[in-house]
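In: What shape does this take:
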Amino acid sequence: MRFQTPLVPARLIRRYKRFLADCVLEETGAEITAHCANPGSMAGLAAPGTRVWLEPNDDPKRKLKYGWRLVDHENGHFTGVDTAVPNRVLRAAFEARSIEELAAYTSVRPEVPFAERSRIDFLLTGDGLPDAWVEVKSVTLCRQPGLAEFPDSVTKRGAKHLGDLAELAAAGKRAVLLFLVQRTDCDRIDLARDIDPAYATAFETARAAGVEILALSCDISPTSIEIGPAIITCP
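Out: Numbers count the residues shown, from 1 in each chain. This is a model prediction of the structure:
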(Lines give C-alpha, C1' and ligand atoms only; values in the text may rest on other atoms or scores of the structure.)
Protein backbone atom coordinates (compact mmCIF):
# COMPACT_ATOMS: atom_id res chain seq x y z
CA MET A 1 0.00 0.00 0.00
CA ARG A 2 1.51 3.28 -1.10
CA PHE A 3 0.68 6.35 0.92
CA GLN A 4 -1.79 8.52 -0.98
CA THR A 5 0.21 11.67 -0.26
CA PRO A 6 4.02 11.83 0.11
CA LEU A 7 4.96 11.77 3.78
CA VAL A 8 6.92 14.60 5.35
CA PRO A 9 9.45 14.25 8.21
CA ALA A 10 9.00 15.97 11.56
CA ARG A 11 10.11 15.82 15.19
CA LEU A 12 7.64 14.88 17.88
CA ILE A 13 7.06 17.43 20.63
CA ARG A 14 4.46 15.44 22.54
CA ARG A 15 1.61 13.00 22.13
CA TYR A 16 -1.46 13.70 24.28
CA LYS A 17 -5.13 12.85 24.68
CA ARG A 18 -4.21 9.62 22.83
CA PHE A 19 -5.15 10.97 19.40
CA LEU A 20 -3.15 14.22 19.20
CA ALA A 21 0.54 14.81 18.53
CA ASP A 22 2.33 18.16 18.39
CA CYS A 23 5.25 18.11 15.95
CA VAL A 24 7.82 20.39 14.31
CA LEU A 25 8.06 20.00 10.55
CA GLU A 26 11.68 19.45 9.53
CA GLU A 27 11.46 21.40 6.30
CA THR A 28 9.89 24.60 7.59
CA GLY A 29 10.23 24.49 11.39
CA ALA A 30 6.50 25.08 11.73
CA GLU A 31 4.74 23.59 14.75
CA ILE A 32 1.61 21.64 13.84
CA THR A 33 -0.81 19.20 15.48
CA ALA A 34 -1.25 15.82 13.81
CA HIS A 35 -3.90 13.16 14.27
CA CYS A 36 -2.57 10.02 15.95
CA ALA A 37 -4.68 7.04 14.88
CA ASN A 38 -3.56 4.79 17.70
CA PRO A 39 -5.47 4.27 20.98
CA GLY A 40 -2.72 2.19 22.59
CA SER A 41 0.05 3.26 24.92
CA MET A 42 2.60 3.48 22.07
CA ALA A 43 5.27 2.52 24.58
CA GLY A 44 8.74 3.31 23.29
CA LEU A 45 7.40 5.23 20.29
CA ALA A 46 6.33 8.62 21.60
CA ALA A 47 9.35 10.14 23.30
CA PRO A 48 9.83 13.88 22.66
CA GLY A 49 12.31 14.41 19.85
CA THR A 50 11.42 11.19 18.03
CA ARG A 51 11.67 11.50 14.26
CA VAL A 52 8.25 10.82 12.72
CA TRP A 53 6.68 10.84 9.28
CA LEU A 54 3.37 12.62 8.72
CA GLU A 55 0.85 12.42 5.88
CA PRO A 56 -0.51 15.82 4.84
CA ASN A 57 -4.09 16.25 3.65
CA ASP A 58 -6.14 19.07 2.20
CA ASP A 59 -9.55 17.64 3.11
CA PRO A 60 -11.73 20.58 4.27
CA LYS A 61 -13.75 18.18 6.45
CA ARG A 62 -10.72 17.36 8.60
CA LYS A 63 -9.69 19.68 11.42
CA LEU A 64 -6.12 18.37 11.44
CA LYS A 65 -4.10 18.63 8.25
CA TYR A 66 -1.56 15.94 9.13
CA GLY A 67 -1.78 12.31 10.18
CA TRP A 68 1.04 10.53 12.03
CA ARG A 69 1.97 7.40 10.07
CA LEU A 70 5.50 6.26 10.98
CA VAL A 71 8.21 6.36 13.62
CA ASP A 72 11.68 6.58 12.13
CA HIS A 73 14.19 4.84 14.41
CA GLU A 74 17.00 6.51 12.45
CA ASN A 75 18.86 3.22 12.08
CA GLY A 76 17.17 2.06 8.90
CA HIS A 77 14.10 0.71 10.71
CA PHE A 78 10.54 2.01 10.90
CA THR A 79 7.38 1.37 12.90
CA GLY A 80 3.90 1.99 11.52
CA VAL A 81 1.72 3.61 14.18
CA ASP A 82 -1.61 3.99 12.34
CA THR A 83 -3.87 1.14 13.52
CA ALA A 84 -6.15 1.62 10.50
CA VAL A 85 -3.37 0.66 8.08
CA PRO A 86 -3.24 -3.13 8.75
CA ASN A 87 -6.79 -3.76 7.54
CA ARG A 88 -6.23 -1.76 4.36
CA VAL A 89 -2.95 -3.52 3.64
CA LEU A 90 -4.34 -6.95 4.44
CA ARG A 91 -7.47 -6.50 2.38
CA ALA A 92 -5.31 -5.81 -0.66
CA ALA A 93 -3.15 -8.84 0.15
CA PHE A 94 -6.19 -11.12 0.57
CA GLU A 95 -7.66 -9.92 -2.71
CA ALA A 96 -4.31 -10.50 -4.42
CA ARG A 97 -4.17 -13.94 -2.76
CA SER A 98 -0.61 -13.24 -1.69
CA ILE A 99 -0.74 -14.63 1.86
CA GLU A 100 0.18 -18.29 1.48
CA GLU A 101 -1.84 -19.63 4.40
CA LEU A 102 -5.05 -18.03 3.09
CA ALA A 103 -4.34 -17.77 -0.63
CA ALA A 104 -7.02 -20.28 -1.68
CA TYR A 105 -9.88 -17.97 -0.74
CA THR A 106 -11.43 -15.99 -3.58
CA SER A 107 -13.87 -13.69 -1.78
CA VAL A 108 -13.04 -11.10 0.90
CA ARG A 109 -15.66 -9.39 3.06
CA PRO A 110 -14.56 -6.86 5.70
CA GLU A 111 -16.34 -5.95 8.93
CA VAL A 112 -18.84 -8.83 9.07
CA PRO A 113 -21.12 -9.14 12.15
CA PHE A 114 -20.55 -12.50 13.80
CA ALA A 115 -21.33 -12.31 17.53
CA GLU A 116 -23.27 -10.12 19.93
CA ARG A 117 -22.03 -6.56 19.37
CA SER A 118 -18.97 -7.84 17.50
CA ARG A 119 -17.66 -7.70 13.96
CA ILE A 120 -14.91 -9.81 12.47
CA ASP A 121 -12.26 -7.94 10.50
CA PHE A 122 -12.49 -10.28 7.50
CA LEU A 123 -14.60 -13.20 6.34
CA LEU A 124 -12.85 -15.15 3.59
CA THR A 125 -14.83 -17.58 1.45
CA GLY A 126 -14.10 -19.88 -1.48
CA ASP A 127 -15.70 -22.81 -3.26
CA GLY A 128 -15.17 -26.03 -1.36
CA LEU A 129 -13.42 -24.29 1.52
CA PRO A 130 -14.54 -23.69 5.09
CA ASP A 131 -15.18 -20.00 5.68
CA ALA A 132 -12.22 -18.32 7.38
CA TRP A 133 -13.01 -15.78 10.08
CA VAL A 134 -9.96 -13.53 10.50
CA GLU A 135 -9.35 -11.07 13.34
CA VAL A 136 -6.41 -8.66 12.88
CA LYS A 137 -4.22 -7.11 15.56
CA SER A 138 -1.63 -4.40 14.91
CA VAL A 139 1.62 -4.97 16.83
CA THR A 140 4.04 -2.12 17.59
CA LEU A 141 5.53 -2.89 21.01
CA CYS A 142 9.19 -3.95 21.25
CA ARG A 143 10.97 -4.13 24.61
CA GLN A 144 13.70 -6.61 23.66
CA PRO A 145 15.75 -6.52 20.45
CA GLY A 146 13.99 -8.43 17.68
CA LEU A 147 10.94 -9.34 19.79
CA ALA A 148 7.53 -7.81 19.11
CA GLU A 149 4.86 -8.08 21.80
CA PHE A 150 1.09 -7.69 22.02
CA PRO A 151 -0.73 -5.92 23.57
CA ASP A 152 0.94 -2.67 24.62
CA SER A 153 -1.88 -1.89 27.09
CA VAL A 154 -4.82 -3.68 28.69
CA THR A 155 -7.38 -4.59 26.03
CA LYS A 156 -10.70 -5.95 27.26
CA ARG A 157 -11.99 -5.62 23.71
CA GLY A 158 -9.16 -7.82 22.47
CA ALA A 159 -9.94 -10.46 25.07
CA LYS A 160 -13.59 -10.42 23.99
CA HIS A 161 -12.56 -10.94 20.38
CA LEU A 162 -10.52 -13.97 21.45
CA GLY A 163 -13.58 -15.38 23.22
CA ASP A 164 -15.63 -14.89 20.06
CA LEU A 165 -12.97 -16.62 17.95
CA ALA A 166 -12.83 -19.50 20.43
CA GLU A 167 -16.59 -19.97 20.09
CA LEU A 168 -16.28 -20.07 16.31
CA ALA A 169 -13.49 -22.65 16.49
CA ALA A 170 -15.39 -24.75 19.00
CA ALA A 171 -18.33 -24.79 16.57
CA GLY A 172 -16.05 -26.26 13.90
CA LYS A 173 -15.39 -23.08 11.96
CA ARG A 174 -11.99 -21.85 10.81
CA ALA A 175 -11.01 -18.97 13.09
CA VAL A 176 -7.72 -17.09 12.61
CA LEU A 177 -5.99 -14.51 14.80
CA LEU A 178 -3.58 -12.57 12.60
CA PHE A 179 -0.90 -10.40 14.18
CA LEU A 180 0.52 -7.83 11.77
CA VAL A 181 3.85 -6.64 13.14
CA GLN A 182 4.22 -3.04 12.00
CA ARG A 183 7.94 -2.97 12.79
CA THR A 184 10.87 -3.73 10.53
CA ASP A 185 13.22 -4.57 13.42
CA CYS A 186 11.43 -7.66 14.78
CA ASP A 187 11.51 -11.29 13.63
CA ARG A 188 9.66 -12.87 16.59
CA ILE A 189 6.43 -12.18 18.45
CA ASP A 190 5.15 -13.09 21.89
CA LEU A 191 2.43 -11.98 24.29
CA ALA A 192 3.08 -9.16 26.76
CA ARG A 193 1.71 -11.25 29.59
CA ASP A 194 2.84 -8.82 32.27
CA ILE A 195 0.89 -5.98 30.66
CA ASP A 196 -2.41 -7.85 30.25
CA PRO A 197 -2.58 -11.26 31.98
CA ALA A 198 -6.29 -11.57 31.13
CA TYR A 199 -5.53 -11.27 27.42
CA ALA A 200 -2.82 -13.94 27.74
CA THR A 201 -5.31 -16.28 29.42
CA ALA A 202 -7.92 -15.65 26.73
CA PHE A 203 -5.27 -16.27 24.07
CA GLU A 204 -4.35 -19.69 25.49
CA THR A 205 -8.04 -20.62 25.77
CA ALA A 206 -8.63 -19.60 22.15
CA ARG A 207 -5.60 -21.51 20.90
CA ALA A 208 -6.69 -24.62 22.80
CA ALA A 209 -10.13 -24.30 21.17
CA GLY A 210 -8.53 -24.46 17.73
CA VAL A 211 -8.01 -20.82 16.80
CA GLU A 212 -5.14 -20.55 14.30
CA ILE A 213 -2.38 -18.04 15.06
CA LEU A 214 -0.61 -16.28 12.20
CA ALA A 215 1.98 -13.50 12.48
CA LEU A 216 3.18 -11.50 9.48
CA SER A 217 5.92 -8.92 9.13
CA CYS A 218 5.80 -5.64 7.21
CA ASP A 219 8.12 -3.92 4.79
CA ILE A 220 7.87 -0.24 5.75
CA SER A 221 9.28 2.93 4.26
CA PRO A 222 8.14 6.55 3.98
CA THR A 223 6.59 5.64 0.62
CA SER A 224 4.67 2.45 1.40
CA ILE A 225 3.74 -0.38 3.75
CA GLU A 226 3.62 -3.90 2.32
CA ILE A 227 3.01 -7.35 3.79
CA GLY A 228 6.22 -9.27 4.47
CA PRO A 229 6.86 -12.94 5.28
CA ALA A 230 5.55 -14.79 8.31
CA ILE A 231 7.54 -14.44 11.51
CA ILE A 232 8.13 -16.75 14.44
CA THR A 233 5.38 -16.93 17.07
CA CYS A 234 6.87 -17.73 20.47
CA PRO A 235 5.15 -20.43 22.55
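In: Could you break the chain into its assigned domains?
Out: As assigned by automatic domain parsing, the chain contains the domains 8-80, 85-233.
In: Span of the first one from start to end?
Out: Its start and end residues considered, domain 8-80 measures 14 Å (Cα to Cα, to the nearest Å).
In: next one: that domain to chain centre, how far?
Out: Computed by Cα atoms, centre = their mean, to the nearest Å, the chain-centroid distance of domain 8-80 equals 17 Å.
In: same question, the last one
Out: Mean-position distance between domain 85-233 and its chain equals 9 Å (Cα atoms, centre = their mean).
In: And the residue nearest to the spatial centre of the chain, what's its pLDDT?
Out: By Cα atoms, centre = their mean, the mean C-alpha position of the chain lies nearest to residue 138, the distance being 2.0 Å. pLDDT for residue 138: 96.
In: Adding distance to residue 2, write the domains of the chain out as TSV.
Out: C-betas here are computed from N, CA, C, even on glycine. Output for these, formatted as TSV (distance: least, Cβ to Cβ, whole Å):
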stretch	distance to residue 2
domain 8-80	11
domain 85-233	4
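In: so which of those domains gets nearest residue 1?
Out: Closest of these to residue 1 is domain 85-233, at 4.8 Å (criterion: Cβ to Cβ).
In: ends of that closest one, how far apart?
Out: End-to-end for domain 85-233, by Cα to Cα: 22 Å.
In: Let the chain start at 875 from now.
Out: Fine by me, first position is 875 from now on; the one you just mentioned is domain 959-1107.
In: For the biggest helix by length in the chain, which outside residues touch it?
Out: Using DSSP state H to define each element, the chain has its longest helix at helix 1030-1044. Residues outside helix 1030-1044 that contact it (Cβ atoms under 8 Å, 6 or more residues apart in numbering): 988-989, 992, 994, 1007, 1009, 1011, 1025, 1048-1051, 1070, 1072-1073, 1076-1077, 1079-1080, 1083-1085.
In: Next, count neighbours for residue 935.
Out: Counted by other Cβ atoms under 10 Å, the residues lying close to residue 935 total 5.
In: Select the helix or strand of the chain having the lowest average pLDDT value.
Out: strand 1106-1107 (a mean of 84; mean pLDDT, DSSP states H and E).
In: so what does that strand touch, helix or strand wise?
Out: strand 1060-1065, strand 1086-1094 (3 or more Cβ pairs under 8 Å, 6 or more residues apart in numbering; DSSP states H and E).
In: Can you give me the buried ones in the next helix-or-strand element following the first one?
Out: Tracing the chain C-terminally past strand 1060-1065 and defining elements by DSSP states H and E, one meets helix 1071-1083 next. Of the residues in helix 1071-1083, those buried by neighbour count under the rule 16 or more other Cβ atoms under 10 Å are 1073-1074, 1076-1077, 1080-1081, 1083.
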